[in-house]
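> Got a predicted structure here, sequence first:
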Amino acid sequence: MRLVIIGGGILGTAHALAAIGRGHEVVQLEREPEARGATVRNFGLVWVSGRSADELDLTLRSRQLWEEIGGKVPGVGFRPAGSLTLVRTPEELAVAEAAAAHPSAGARGFELLDSERVRALNPALRGKFLAGLHCSTDAAVESRQALPALRAYLTATGRYTFHAHTEARAVADTGSGATVLDDRGRTFDADLVLDCPGAAHTGLTRELVGDLPVRRVRLQMMQTAPLGEPLTTAIADGDSFRYYPGFAGPEVDALNAEQSQSATAAEHKMQLLCVQRLHGGLTIGDTHEYTEPFAFDVDEAPYEHLTQVTEELLGRELPQVIRRWAGVYSQSVDPNVIVTRAQAAEHVWVITGPGGRGMTLGPALGEQTADLLNL
């Protein structure tokens, strides 16, 4: 079977990987010279901790697939670093205790560590905290180098072609397959077309399926110069308990009722996530903005908050911040829907909306689509 995949981000590439793995041929089109959206503007985290019960199995499967991919494609930079969610108040500690005692704790790899054991696991953490919820199943990849590495691996099969600077303008179902017309007047024939547009919900995607039940979410992040020492796990702060459905329960209700976020954190719907890149620098975020139109500039207050919290946990000043950026990702409106798949025609599908989970869930979503479409 021959597939044409529109979109060069992680979701499109993960679907290409699944199709190639099942013996098919793939042509992938990307309108930019390289994917520039949420795929390369994220943490590169494969984040199991905090996922809802309904998506836990899929997340664990994706984690397994990433580890397998990392063994075959070292350039993706996979590493099973795990994470520590650091708690600084009794209210946050109660949430961590409940998570560590939950029936799913074993599957998630949860263990509550006191401050001494936290520092033994991650010696760079010399700041103030009561304990840390360790998640051994969390992992990381290098978001800015994963896609080129995956494309090189796919190209070596002889059944994959990538066309950069190529915008799909029209898709027509032919009855026996489909044809894609690009902005240079070229046509690509396929047995199946998958449109993976990321946060580009208008244009061709709207022509194919109308208005989807998805929204766009904007985030702000930053990266530092090398830390000068290993940060052996990813880290999160207690505010992350508020935003991940896997922690929901009376303890989180009490946290929200008894411990307010700072004004900046509440305004920007913030949590701290921090992971060390292979080059030694830290990628730090993040914020959430849901109301469009989004501003074209970035606000400094969230960066000040993130810097303060990270320095309190590290017990030292951050290295110089060398870049800041904003990004936009696509999120299904229904929180119970992990990804939105819409059939535009017999041989044409649109797939988007994993909601900040694209890097985590990409391989499993590609596999799931292949199963659903009997590839």
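Received the coordinates, thanks. Numbers count the residues shown, from 1 in each chain.

> For residue 114, which residues count as its bridge partners?
On the basis of DSSP bridges, residue 114 is bridged to residue 131.

> neighbours of residue 154, just the number please.
Residues near residue 154, counting by other CB atoms under 10 Å, number 22. Quick note: C-beta positions are derived from backbone N, CA and C, even for glycine.

> Kindly report the same for the one 4 residues further on.
The local packing of residue 158 (other CB under 10 Å) involves 9 other residues.

> Check the secondary structure at it for me.
Here residue 158 is coil, with the state taken from DSSP: H, G, I helix; E, B strand; the rest coil.

> Quick check, pLDDT for it.
Residue 158 is assigned 98 on the pLDDT scale.

> separation between it and residue 26?
Separation of residue 158 from residue 26 (CB to CB, to the nearest Å): 11 Å.

> same thing with residue 349?
Per CB to CB, residue 349 is found 14 Å from residue 26.

> ok, the two, which is more surrounded?
When neighbours are counted by other CB under 10 Å, residue 26 comes out ahead of the other of residue 349 and residue 26, with 26 against 22.

> Quick check: beta-bridge partners of that one?
residue 3, residue 160.

> who touches it in this structure?
Taking CB atoms under 8 Å, 6 or more residues apart in numbering, we find residue 26 in contact with 2-5, 16, 19-20, 154, 159-161.

> Export those as CSV, with columns for distance to residue 147.
As requested, the contacts of residue 26 are exported to CSV (distance: CB to CB, whole Å):
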residue, distance to residue 147
2, 22
3, 17
4, 18
5, 13
16, 10
19, 16
20, 14
154, 10
159, 18
160, 13
161, 15
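
> ok, so of these, who is nearest residue 284?
Residue 284 lies nearest to residue 16 out of the contacts of residue 26, by CB to CB, at 30.7 Å.

> What ranges does the stretch 251-375 of the chain have for its strands?
For the stretch 251-375 of the chain, applying DSSP state E, counting those that start in this stretch gives strands covering 273-276, 282-285, 321-332, 340-345, 348-352.

> Can I get those strands in JSON lines including mean pLDDT and distance to residue 95?
As requested, the strands of the stretch 251-375 of the chain are exported to JSON lines (pLDDT from 0 to 100; distance: least, CB to CB, whole Å):
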{"stretch": "strand 273-276", "mean pLDDT": "98", "distance to residue 95": "17"}
{"stretch": "strand 282-285", "mean pLDDT": "98", "distance to residue 95": "21"}
{"stretch": "strand 321-332", "mean pLDDT": "96", "distance to residue 95": "24"}
{"stretch": "strand 340-345", "mean pLDDT": "98", "distance to residue 95": "30"}
{"stretch": "strand 348-352", "mean pLDDT": "98", "distance to residue 95": "32"}
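
> Is it possible to get the ones you listed out as a markdown table so that each row also shows distance to residue 68?
Compiled in a markdown table, those are given as follows (distance: least, CB to CB, whole Å):
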| stretch | distance to residue 68 |
| --- | --- |
| strand 273-276 | 21 |
| strand 282-285 | 24 |
| strand 321-332 | 25 |
| strand 340-345 | 24 |
| strand 348-352 | 22 |
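
> what's the distance between residue 71 and residue 78?
Using CB to CB, residue 71 is found at 8 Å from residue 78.

> out of those two, which sits in the busier spot?
Between residue 71 and residue 78, counted using other CB under 10 Å, residue 78 has the larger neighbour count: 23 against 10.

> Chain neighbours aside, what residue packs nearest to the more buried one?
Nearest in space to residue 78, with sequence neighbours left out and distances taken as CB to CB, 6 or more residues apart in numbering, is residue 70 at 2.7 Å.

> Number of residues surrounding that neighbour?
Close neighbours of residue 70, defined as other CB under 10 Å, add up to 20.
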